[in-house]
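Participant: for reference, the sequence and a predicted model appear below.
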Amino acid sequence: MSTTRHPPPGEFGPEPDGPGSTSAVSAAGQPRSLALSSASGIVPLARDFTRQALYDWGWLPAATADRRAAAEDVLLVVSELVTNACLHAEGPEALRVSSDGKVLRLEVIDRSGGQPAPRTPHRAGRPGGHGMFIVQRLCVDWGVVRHSEAPGKTVWAELAAPA
């Protein structure tokens, strides 16, 4: 895991206006936020929110198998990060998605002080414990930013944009 590139949380545009709200329709890559603290069906909601951003930013519909695979990787990583927050971090507070055209950044904000890490040794045949291993394998980089003003953290992951 690397935490060499971690701008502080909140540096990615406006906060949501209220529970479940999103930022205004964004230009390509413009940061978007989704409040998750009072939502139900959090994982599908996070995937749908991210899928819509991918459509708006031109990742979908995918013209090639490689572009389709890149979009599916993004959705899988969102699922894993949000599920991890649900299972191990008292639930996620918010999801942020942004892109600079070369890298797509996902951030899941939660209230927990725990440290996510791939389970080692990784045992492919055992149920559970694969989430952060998947994130580590699919992402260019990922890390954790601790919140100094309140309990909690932001778990972030970056994926390469499709060629």
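Facilitator: That came in fine, so what should we check first?

Participant: where are the low-confidence patches of the chain?
Facilitator: 1-28, 117-129 (pLDDT under 70).

Participant: show me the strands in it, by range?
Facilitator: 32-35, 92-99, 103-110, 141-146, 153-160 (DSSP state E).

Participant: could the ones you listed go into JSON lines alongside mean neighbour count?
Facilitator: Heads up, the C-betas are built off the backbone N, CA and C, glycines and all. Output for these, formatted as JSON lines (neighbours: other CB atoms under 10 Å):
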{"stretch": "strand 32-35", "mean neighbour count": "23"}
{"stretch": "strand 92-99", "mean neighbour count": "23"}
{"stretch": "strand 103-110", "mean neighbour count": "24"}
{"stretch": "strand 141-146", "mean neighbour count": "17"}
{"stretch": "strand 153-160", "mean neighbour count": "22"}
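
Participant: how far is stretch 30-46 from where the chain is centred?
Facilitator: 10 Å (CA atoms, centre = their mean, to the nearest Å).

Participant: typo on my end, stretch 86-106
Facilitator: With CA atoms, centre = their mean, you get 3 Å for stretch 86-106.

Participant: tell me which stretches of the protein form helices.
Facilitator: For the chain, the helices defined by DSSP state H cover 42-56, 65-88, 131-138.

Participant: quick one on the thing from earlier: now the strands of the chain as JSON lines including distance to Ala65?
Facilitator: JSON lines is the format used below for those (distance: least, CB to CB, whole Å):
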{"stretch": "strand 32-35", "distance to Ala65": "26"}
{"stretch": "strand 92-99", "distance to Ala65": "21"}
{"stretch": "strand 103-110", "distance to Ala65": "18"}
{"stretch": "strand 141-146", "distance to Ala65": "25"}
{"stretch": "strand 153-160", "distance to Ala65": "16"}
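
Participant: ok, which of these comes nearest Cys86?
Facilitator: Checking those against Cys86 by CB to CB gives strand 92-99 as the closest, at 6.8 Å.

Participant: nearest to Arg146, out of the helices of the chain?
Facilitator: Of the helices of the chain, the one closest to Arg146 (CB to CB) turns out to be helix 65-88, at 14.8 Å.

Participant: quick one: work out the angle between the closest one and helix 42-56.
Facilitator: 150 degrees (axes from the mean of the first three to the mean of the last three CA atoms, to 10 degrees).

Participant: any idea how far helix 65-88 is from the chain center?
Facilitator: That offset, for helix 65-88, works out to 7 Å (CA atoms, centre = their mean).

Participant: buried residues in it?
Facilitator: Neighbour counts using 16 or more other CB atoms under 10 Å place 67, 70-71, 73-86 of helix 65-88 among the buried residues.
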